[in-house]
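> Show me the folded form of this:
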Amino acid sequence: MYLASVPSKPKNAPVSDASITSGSQIKVDYEVIGEDGGLPLLSYELQMSAPTLDNFVSLAGRETFTLSTFFIVSLGVEKGAEYAFRYRGINQVGAGDWSDLVIVRAASVPAAPPKPVYLSSTSTSITLHLYETTDNSGSKITGYTLERDAGDLSSQIDTQAL
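Okay, the predicted model is just below:
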């Protein structure tokens, strides 16, 4: 008999690692649970569901224990789709409460559009033809930014033109 309890609820929801998450995979990071209930943690269980929250599936830590604090989902991920994630700790007494949810879109930074095409110019203006990107990488394009250099062909292109 142990004088212990289940691990505490995680303080924070898992987070998506934007450096890895894309239209074909999602990396989820989660924090170490501080209160283990008096017994060492055996595992972190991570679950995923559609945002409707009606069909959670355990991805890691339920049947095969793991203390890993990240997971990369690459099977069944649909570009642009959203997924809900949650996790909890497990010790010898049992499983703790679930963390808060995070909703992650399977998307990344959109592909760069083709470079602008020069059409004409006057002494005070330049007219360019701008193209939209052909790949939004799973997320709606909400705007474009046009940048220019100082006009000397040697400075950084870092001045917003629009």
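> mind checking the end-to-end distance for stretch 59-74?
Stretch 59-74 stretches 11 Å from its first residue to its last (CA to CA, to the nearest Å).
> so where is the protein shaky, pLDDT-wise?
1-2, 158-162 (pLDDT under 70).
> where exactly do the strands run in it?
Applying DSSP state E to the chain gives strands spanning 15-16, 26-29, 43-49, 57-60, 70-73, 82-90, 102-105, 117-121, 126-129, 147-148, 159-160.
> strand partners of the fourth one, parallel vs antiparallel please.
The reference is to strand 57-60. strand 43-49 (antiparallel) (DSSP bridges).
> quick one, what contacts the residue nearest in space to the middle of the chain?
The structure's the chain has its C-alpha centroid closest to S16; by CA atoms, centre = their mean the separation is 3.1 Å. Going by CB atoms under 8 Å, 6 or more residues apart in numbering, S16 touches 26-29, 102, 104. From N, CA and C alone the C-beta is placed, and that goes for glycine too.
> Redo the strands of the chain as a markdown table? Include distance to K140.
Below are the strands of the chain laid out as a markdown table (distance: least, CB to CB, whole Å):
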| stretch | distance to K140 |
| --- | --- |
| strand 15-16 | 17 |
| strand 26-29 | 18 |
| strand 43-49 | 22 |
| strand 57-60 | 27 |
| strand 70-73 | 22 |
| strand 82-90 | 12 |
| strand 102-105 | 10 |
| strand 117-121 | 25 |
| strand 126-129 | 23 |
| strand 147-148 | 22 |
| strand 159-160 | 21 |
